[in-house]
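Novice: structure, please.
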Amino acid sequence: MVHRTSVSLDSKTLEKINELIRKTGKSVSEIVREAINLYHATEFSPGFTENALKTYIDFLSEGEHVIVDLEHWCAIWEELNEKADDRFWELIVKSGIEHGIQYYNKGLRDVKSILDYMEPGNFFRYKEDSDGSYTLILSCPSEMKFIRVFLENILKAQNIDAEIRESIGKLRIVLK
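Specialist: Next up is the predicted model:
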């Protein structure tokens with residue numbers, strides 16, 4: 001059974017629907033149904049937010065990132081922590097600096113916005129303890145050095161003065 005309903009749209013939303021019709025060949029009804037189904041699916045998924053969806057699209061749409069099972073991720077870090085040499089860690093430093101510049105250009109210019117952007121990547125979950133103080137709970141304790149070195153250099157590239165301290169399964173970031 002189909003139920004008809006009317007919806008008021010502003011001009012920008014109407015332009016978007018018309019663009020979707022042209023690009024997909026779908027009807028307005030099909031587009032609206034799919035949009036509502038996607039919104040419903042994300043709204044009721046624990047921990048899934050609009051911000052996370054935008055980040056996933058940003059991470060995955062250009063082929064710059066991969067999805068790795070957490071067990072594989074932990075196994076990789078167990079092995080790397082035993083065998084990685086100075087050259088490897090220099091590459092992580094360089095990558096952190098490059099990401100810091102990239103994040104700056106995306107408008108991510110403070111610790112909170114950087115952590116918000118990175119969190120959907122599932123390296124960590126974080127909480128803001130107080131203004132300028134954050135605790136990161138790592139997905140895999142063996143990734144500790146990687147996350148610390150990477151974040152230190154993201155912040156360094158942006159001239160953000162912060163200390164990152166290691167704890168048991170956690171990192172603490174405190175702005176100076």
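Novice: and Ser130, backbone torsions?
Specialist: Dihedral angles of Ser130 (phi, psi; degrees, to the nearest 10) stand at phi -160, psi 180.
Novice: in the sheet, who's paired with it?
Specialist: According to DSSP bridges, Ser133 are recorded as the beta-bridge partners of Ser130.
Novice: now for the residue of the chain most remote from its centre: which residues touch it?
Specialist: Ranking residues of the chain by C-alpha distance from their mean position (CA atoms, centre = their mean) puts Met1 at the top, at 40.0 Å. Neighbour list for Met1: empty [criterion: CB atoms under 8 Å, 6 or more residues apart in numbering]. Every C-beta, even on glycine, is put in place using the N, C-alpha and C of the backbone.
Novice: what about the residue lying closest to Gly121 once chain neighbours are set aside, which SS state?
Specialist: The shortest distance from Gly121 to any non-neighbouring residue, by CB to CB, 6 or more residues apart in numbering, is to Phe59 (6.6 Å). Put simply, Phe59 is helix when judged by DSSP: H, G, I helix; E, B strand; the rest coil.
Novice: contacts for stretch 43-58?
Specialist: With contacts defined as CB under 8 Å, 6+ apart, stretch 43-58 is touched by Thr42, Asp116, Tyr117, Glu119, Pro120, Gly121.
Novice: which of those residues are buried? Put it as a PyMOL command.
Specialist: Selecting the buried subset of the contacts of stretch 43-58 in PyMOL, with 16 or more other CB atoms under 10 Å as the burial test, is done by:
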select buried, resi 116+117+119+120
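Novice: reformat the contacts of stretch 43-58 into JSON lines and put distance to Arg172 next to each item.
Specialist: Formatted as JSON lines, the entries for the contacts of stretch 43-58 read as follows, by distance: CB to CB, whole Å:
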{"residue": "Thr42", "distance to Arg172": "31"}
{"residue": "Asp116", "distance to Arg172": "17"}
{"residue": "Tyr117", "distance to Arg172": "19"}
{"residue": "Glu119", "distance to Arg172": "16"}
{"residue": "Pro120", "distance to Arg172": "21"}
{"residue": "Gly121", "distance to Arg172": "19"}
